[in-house]
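S.K.: Quick one: sequence plus predicted model below, questions after.
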Amino acid sequence: MITNVSLITVYVNDIDESKAFYTDKLGFVLKQDITLGPDFRWCTVFQRDHPELELALMLPGPPMDPESAESIRRIMAKGTMHGFGIRADDCRKTFDDLVAKGVEYIQEPSDRPYGVEAVLRDNSGNWLVLVEPREFEPAELAKFEF
């Protein structure tokens, strides 16, 4: 029986720089950083209150085929690679704190039917959606422009 999601791969340009970004700017905790051969490094971080969900910071490359790895690198270079969502108690304050630490943003906090949302970008171009959720009725979505 599946019990939860435990690992998400986040493709990055440089593992050391991304490890520093996720730990120093976003407050994640390093779990593992192991070199498993000349072409593969296993580096994971997790959010302090949720150690059951790790982010694997991976370079696009082996064991992936070269064509797929190059496709991912092109998307990352454009700055349009989607990463993951992050929940916050106060989206506006968290946004201000992260921007003050030098985190790049794509969209300032905005009211949405489902809460307050901002979009940030990590140091490899991955989108990070910051959300302060609230209860809503699905019919409310029709009233908003995205």
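M.R.: Arrived safely, thanks for sending. Numbering: from 1, shown residues only.

S.K.: pLDDT weak spots in this structure?
M.R.: 140-146 (pLDDT under 70).

S.K.: hmm, try it at 90
M.R.: 4, 36-40, 62-64, 78-83, 113, 135-146 (pLDDT under 90).

S.K.: hey, where'd the helices end up in it?
M.R.: For the chain, applying DSSP state H gives helices covering 15-20, 66-78, 91-100.

S.K.: got those helices as a markdown table, with distance to Glu137 and mean neighbour count columns?
M.R.: C-beta: built from backbone N, CA, C; applies to glycine. Formatted as a markdown table, the helices of the chain follow (distance: least, Cβ to Cβ, whole Å; neighbours: other Cβ atoms under 10 Å):
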| stretch | distance to Glu137 | mean neighbour count |
| --- | --- | --- |
| helix 15-20 | 38 | 16 |
| helix 66-78 | 35 | 13 |
| helix 91-100 | 20 | 16 |
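
S.K.: and of those helices, who's closest to Leu128?
M.R.: helix 91-100 (9.0 Å; Cβ to Cβ).

S.K.: ok, and for stretch 124-132, which residues are buried?
M.R.: Ser124, Gly125, Asn126, Trp127, Leu128, Val129, Leu130, Val131, Glu132 (16 or more other Cβ atoms under 10 Å).

S.K.: scratch that, stretch 6-25 is what I was asking about
M.R.: Counting neighbours by 16+ other Cβ under 10 Å, one finds that the buried residues in stretch 6-25 are Val10, Tyr11, Val12, Asn13, Ile15, Ser18, Lys19, Phe21, Tyr22, Lys25.

S.K.: Now do the same contact list for the last one.
M.R.: Under the criterion of Cβ atoms under 8 Å, 6 or more residues apart in numbering, the contact partners of Lys25 comprise Leu98, Lys101, Gly102, Val103.

S.K.: How about Asn13?
M.R.: Taking Cβ under 8 Å, 6+ apart as the test, what Asn13 contacts is Leu59, Met76, Asn123, Ser124, Gly125.
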